[in-house]
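**Q** Model the following, please.
(2 chains)
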Amino acid sequence: MPKYLKQRGTIDIYNEEANVYQKIIDTCCKCSRNFNFNQIVTPTFESSSLYSRATGESSDIVRKEMYDFKDKKGRDITLRPEGTAGVIRAIIENKLYATNDLPLKYYYHGSFFRYERPQIGRFREFMQFGVEIVGSNSYLDDIESILLITNILNDLNIKDYTIRINSFGNEKCRNTHRDNIKNFFTPHIENLCEDCKERFEKNPLRILDCKVDKEYIEKLNIPVSYDSLDEQSKNEFNEILDILKKNEINVVVDKYLVRGLDYYTGLIYEVDITLKDGKTLTIGGGGRYSSLVKELDGPDLSCVGFGLGVNRLALVLIDLFGLDSFAINPKFYIMPFSKETYSLAFKIAKTLRENNNNVVLETNNKSISSMFKYASKHNFEYAIMLGEDELKNNQVKIKNLKTQEQYYITLDDILGGKFNG
RNA sequence: GCGGAUGUGGUGAAGAGGCUAACACAACCGGCUGUGAACCGGUCAUUCGUGGGUUCAAACCCCAUCAUCCGCCCCA
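**A** Down below sits the predicted model:
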């Protein structure tokens, strides 16, 4: 056992798996740019108070999952547990809402931290990609955000997913609904699990999310948030569903859907994917939050945003396509047979690489047969042999490892960039 | 924070108190001094997560601790 081990809940990512992560980030960024989002990069740590204010004192993130510490001057610092609060802080601090046309559209990705027990698709340091639309006055932005997610999943060749959607309406509707839920559960409270008794006090909406009492709860005729919506919210919700349907985006209305962070107010959604072993992962979710900017002392701007769990998306891609499909095969293998050919080997490598080829120059003094074994094992397309005979005749010998054919190419041609496989 | 399972080379692992910790794969070297397979030969854990205890004797039994995986809570 090595002496130094990674910290609990952190991961090392390398080889094919790193390619998976790269592909996810690249795809997310590319799709977001097609929706005219700009990138925003914010600090990995912020003052602790930002998160307790933004995510709500009652949320578990604030109560027990924050990675917080005091810096050398005694300031309370927290490694970011989610992306939205930092982005909104940056927008307010830099007054981006005043100098740019609304809505502002930003995407971000990076590491986030929550102090919790690791398990499948869940780490203490995890990666997330997210977007925020700030200053959005229209439910069309809710639709845009969902379309962006489907666009990303489509580009990643993920076809099988479920978008669950629900709405709490505006703040007033949400509060009405919250009271309805609380009143409804008052006579049932003794039948609920311990956690739910606590939820009843702190955040009654979350009782709907309970897994222990799921069956019990589903038999009850619980007031659904839809009934608490006012006319306008109802119409918007239906309009959103209608437009999504006409755009062939399949969403399922989940009247019990509740999001974990307290700042969501209007439309909310989560995206689920089921793995081959039957396990379902929530790979992301989002929705509208209309009071957070004001809450953080900014102007009164309504926003829409979502976050995608990059680690979970990676699990999905590996489950769907296998790690091997993300391998990158090298193209050229340069085999210097003797010391006299070393400098030529570098010249050839340089030319090929300048033409954007993947080239491996064998730097170990291997026997010819082990070099061929190596070339075969790593799926090279071409072996380039540099031996004394070739050198004498000012040429190199090429072997196409797929077709077995061998031929000679003059030094002038290969160094002139005329050979590219 | 709570619960379950598991820790033996690079990997998969045998091993259940007693010689030098099996076997397989991978890797490297060689047989084959200019060509990938197969074959053959060689090399590859002084040590079983860590610390302590029991014993003449511990990978194995006991205690503690750490770590990993899985689940709960919660969430991406």
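**Q** And the closest residue to residue A:357 other than its chain neighbours, how far from RNA strand B?
**A** Distance criterion CB to CB, 6 or more residues apart in numbering; nearest residue to residue A:357, sequence neighbours excluded, is residue A:331 at 5.3 Å. C-beta coordinates here come from the backbone N, C-alpha and C atoms, glycine included. Residue A:331 sits 13 Å away from RNA strand B, taking CB to the nearest atom of the strand, to the nearest Å as the criterion.
**Q** My read is that residue A:331 contacts residue A:379, right?
**A** No: the pair residue A:331 / residue A:379 is not scored as a contact, 9.5 Å apart, by CB atoms under 8 Å.
**Q** between these two, who's got more neighbours?
**A** Applying other CB atoms under 10 Å to residue A:331 and residue A:379 shows that residue A:331 carries more neighbours, namely 17 against 13.
**Q** That one and residue A:162, how far apart?
**A** Between residue A:331 and residue A:162 the computed distance is 40 Å (CB to CB, to the nearest Å).
**Q** low pLDDT regions in the stretch 101-250 of chain A?
**A** The stretch 101-250 of chain A contains residues with pLDDT under 70 at A:191-196, A:198-199, A:201-203, A:208-220.
**Q** what about 80?
**A** A:169-175, A:178, A:181-182, A:184-228 (pLDDT under 80).
**Q** what's the helix or strand for residue A:383?
**A** Counting by DSSP states H and E, the element that carries residue A:383 is strand A:382-386.
**Q** any idea of the mean pLDDT in that strand?
**A** The pLDDT scores in strand A:382-386 average 93.
**Q** hmm, it in reach of RNA strand B?
**A** Yes: judged by CB under 7 Å from any atom of the strand, strand A:382-386 comes into contact with RNA strand B at A:383, A:385.
**Q** chain center to that strand: distance?
**A** From the chain centre to the centre of strand A:382-386 is a distance of 41 Å (CA atoms, centre = their mean, to the nearest Å).
**Q** what does stretch A:12-22 give?
**A** Averaging C-alpha positions (CA atoms, centre = their mean) puts stretch A:12-22 13 Å from its chain's average.
**Q** Spatially central, which residue of chain A would that be?
**A** Using CA atoms, centre = their mean, the residue of chain A that lies closest to the mean C-alpha position is residue A:310, 2.9 Å off.
**Q** which residue packs closest to that one, ignoring adjacent ones?
**A** Counting by CB to CB, 6+ apart, the residue nearest residue A:310 is residue A:127, at 3.8 Å.
**Q** what about residue A:38, neighbour count?
**A** Residue A:38: 12 surrounding residues under other CB under 10 Å.
**Q** Test my guess that it contacts residue A:107.
**A** Yes: Residue A:38 is within contact range of residue A:107, at 7.5 Å (criterion: CB under 8 Å).
**Q** isn't residue A:129 right up against residue A:311?
**A** No: under the criterion of CB under 8 Å, residue A:129 makes no contact with residue A:311, lying 10.8 Å away.
**Q** between those two, who's got more neighbours?
**A** residue A:129 (24 against 21).
**Q** which SSE is the more buried one in?
**A** Using DSSP H and E, residue A:129 maps to strand A:125-134.
**Q** near RNA strand B, which residues of the stretch 251-400 of chain A show up?
**A** Near RNA strand B, when you scan the stretch 251-400 of chain A using CB under 7 Å from any atom of the strand, you find A:259-261, A:270, A:279, A:282-285, A:307-309, A:311-312, A:337, A:364, A:366-370, A:372-377, A:383, A:385, A:387-390, A:397, A:399.
**Q** So which of those sit within strands?
**A** A:270, A:282, A:283, A:284, A:285, A:307, A:308, A:309, A:383, A:385, A:397, A:399 (DSSP state E).
**Q** Tell me how many other residues surround the last one.
**A** Read that as residue A:399. What residue A:399 shows, counting by other CB under 10 Å, is a neighbour count of 20.
**Q** if I pick it, what's in contact with it?
**A** Contacts for residue A:399 (CB atoms under 8 Å, 6 or more residues apart in numbering) come out as A:382, A:383, A:385, A:405, A:406.
**Q** Need the nearest residue in space to the second one, chain neighbours excluded.
**A** Excluding the flanking residues, the one nearest residue A:383 by CB to CB, 6+ apart is residue A:399, at 4.4 Å.
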